[in-house]
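Colleague: Turn this into a model:
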Amino acid sequence: MAAEKLSTRHLLGIKDINLNDIELIFETATNFKDVINRPIKRVPSLRDITIANIFFENSTRTKLSFELAEKRLSADVVNFAASSSSVSKGETLIDTVNNILAMKVDMVVMRHPNAGAGVFLSKHIKAQIVNAGDGAHEHPTQALLDAFSIQQKLGSIAGKKVVIVGDILHSRVAVSNILCLQKLGAEVMVCGPTTLIPKHIGSLGVKVEHNLIKALNWCDVANMLRIQLERQDIKYFPSLREYALMYGLNKQILDNLDKEILVMHPGPINRGVEITSDVADSKQSIILEQVENGVAIRMAVLYLLASQND
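Modeller: Numbering: from 1, shown residues only. Below you'll find the predicted structure:
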């Protein structure tokens, strides 16, 4: 049985939470999954809580998922897109958030292009912070929903082999996933071109492989990351076509493996680059389950953080 309360006031990164926290989030998410599959999908758990979604970086799916989770819990929701706000007029992060807090917000869900923005904020304001992605640093709710999706499908994560394929260098999803999977007892490998694998990633206790077929034959689960062209300041590989030839997962590769593996993708998918359409839509793909689990996981995180203030 997991503990009843989270060990932390904020969710800033997977490195700040322990195994008990993860198990409690999963247990709570399982209950919320039942809720979101009922005809009446709303519970009054956060009725008097106001949550501000502050996104200093474009996001469609994460923002939608958080907003849906907040509304399912009956919270009051304020949306703030920084690209169209005073931030573009030179206002600082602290000013922006203090203005929002002056409106008496209880919780802030924030995405920011700079690593550590959530940690910085948590030291300066009273509201609870949920990190919805900070630069190429961490994206804790994505890692939780990925691990939860594996657990729901395979029953347990301990001892399972997970390979994360693609742009590890620019990926906050990769870092959070590695930390989360290791805490749950999985073996983790990263796979991609040398230019997209960080130099010292081995110090995190992960295996490194540059051959996609070898990696896929080793694993139980393949998490195919998006190539983040918007974060790449120089060319890390000759062309998308060449990347797809070397590291793209197609149905032929999948069918030629000795065993069935699960295929995941944090989205949005570049169809035909990291995975082909027939793989994305195959029965081995759990991409849409990840989306559904994302709402349940985010409901669990918001609910557990809010309940610390009771």
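Colleague: Now the element after the lowest-mean-pLDDT helix or strand in the chain, going C-ward?
Modeller: Taking mean pLDDT, DSSP states H and E as the measure, the chain has helix 93-101 as its least confident helix or strand, at a mean of 79. Remark: after helix 93-101, the chain's next helix or strand is strand 107-112, criterion DSSP states H and E.
Colleague: what's that next one in contact with?
Modeller: 49-57, 59, 62-63, 66, 75, 93, 97, 100, 117-118, 121, 125, 127-135, 302, 305-306 (C-beta atoms under 8 Å, 6 or more residues apart in numbering). (Glycine included, C-beta is placed from N, CA and C.)
Colleague: so where do the strands sit in the stretch 1-150 of the chain?
Modeller: Assigned by DSSP state E, counting those that start in this stretch, the strands in the stretch 1-150 of the chain fall at 50-55, 76-81, 107-112, 128-134.
Colleague: a markdown table please, covering the ones you listed and showing mean neighbour count and distance to residue 220.
Modeller: Below are these laid out as a markdown table (neighbours: other C-beta atoms under 10 Å; distance: least, C-beta to C-beta, whole Å):
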| stretch | mean neighbour count | distance to residue 220 |
| --- | --- | --- |
| strand 50-55 | 22 | 34 |
| strand 76-81 | 16 | 38 |
| strand 107-112 | 25 | 30 |
| strand 128-134 | 25 | 26 |
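Colleague: Need those in TSV (columns: mean pLDDT).
Modeller: Converted to TSV, the strands of the stretch 1-150 of the chain look like this (pLDDT from 0 to 100):
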stretch	mean pLDDT
strand 50-55	94
strand 76-81	90
strand 107-112	94
strand 128-134	96
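Colleague: CSV for the ones you listed, including distance to residue 70?
Modeller: Shown next, in CSV, are the strands of the stretch 1-150 of the chain (distance: least, C-beta to C-beta, whole Å):
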stretch, distance to residue 70
strand 50-55, 5
strand 76-81, 5
strand 107-112, 8
strand 128-134, 10
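Colleague: which regions of the stretch 1-150 of the chain lie under the pLDDT threshold?
Modeller: 1-3, 83-91 (pLDDT under 70).
Colleague: Now do residue 27 against residue 288, distance only.
Modeller: 23 Å (C-beta to C-beta, to the nearest Å).
Colleague: again with residue 170
Modeller: Counting by C-beta to C-beta - residue 170 and residue 288 are separated by 25 Å.
Colleague: Grab the nearest non-local neighbour of residue 172.
Modeller: residue 139 (4.2 Å; C-beta to C-beta, 6 or more residues apart in numbering).
Colleague: correct me, but that neighbour touches residue 176?
Modeller: Yes. In this structure residue 139 lies within contact range of residue 176 using C-beta atoms under 8 Å: 5.1 Å.
Colleague: Give me the more crowded residue out of residue 170 and residue 288.
Modeller: Set side by side, residue 170 and residue 288 show more neighbours around residue 170, with 22 against 12, by other C-beta atoms under 10 Å.
Colleague: got the contact list for residue 212?
Modeller: 165, 191, 246-247, 249, 253.
Colleague: Between the residues you listed, which sits nearest residue 12?
Modeller: Relative to residue 12, the closest of the contacts of residue 212 is residue 165; by C-beta to C-beta it sits at 26.5 Å.
Colleague: what's the distance between the closest one and residue 249?
Modeller: 7 Å.
Colleague: Now list whatever residues contact both of these two.
Modeller: 212, 222, 224, 274.
Colleague: Which residue ranges make up each domain of this structure?
Modeller: 10-138+291-307, 140-288 (the TED database).
Colleague: Turn these into CSV, including distance to residue 4.
Modeller: Putting the domains of the chain into CSV (distance: least, C-beta to C-beta, whole Å) gives the following:
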stretch, distance to residue 4
domain 10-138+291-307, 7
domain 140-288, 18
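Colleague: Mind naming the longest helix for this protein?
Modeller: Longest helix in the chain by number of residues (criterion: DSSP state H): helix 287-306.
Colleague: give the contact list for the most centrally placed residue in the chain.
Modeller: Nearest to the mean C-alpha position of the chain, by C-alpha atoms, centre = their mean, lies residue 142 at 1.4 Å. Neighbouring residues of residue 142 by C-beta under 8 Å, 6+ apart: 62, 133, 172-173, 176-177, 266, 294.
Colleague: again, only using 10 Å
Modeller: 14, 61-62, 65, 132-133, 171-173, 176-177, 180, 266-267, 290, 294, 297-298 (C-beta atoms under 10 Å, 6 or more residues apart in numbering).
Colleague: same check, this time on residue 82
Modeller: 54-58, 88, 91, 93, 96, 110-113.
Colleague: farthest-separated two in these?
Modeller: 58 and 91 (18.5 Å).
Colleague: Please point out which parts of stretch 192-209 sit buried.
Modeller: By 16 or more other C-beta atoms under 10 Å, the buried positions in stretch 192-209 come out as 192-193, 196-198, 201, 206, 209.
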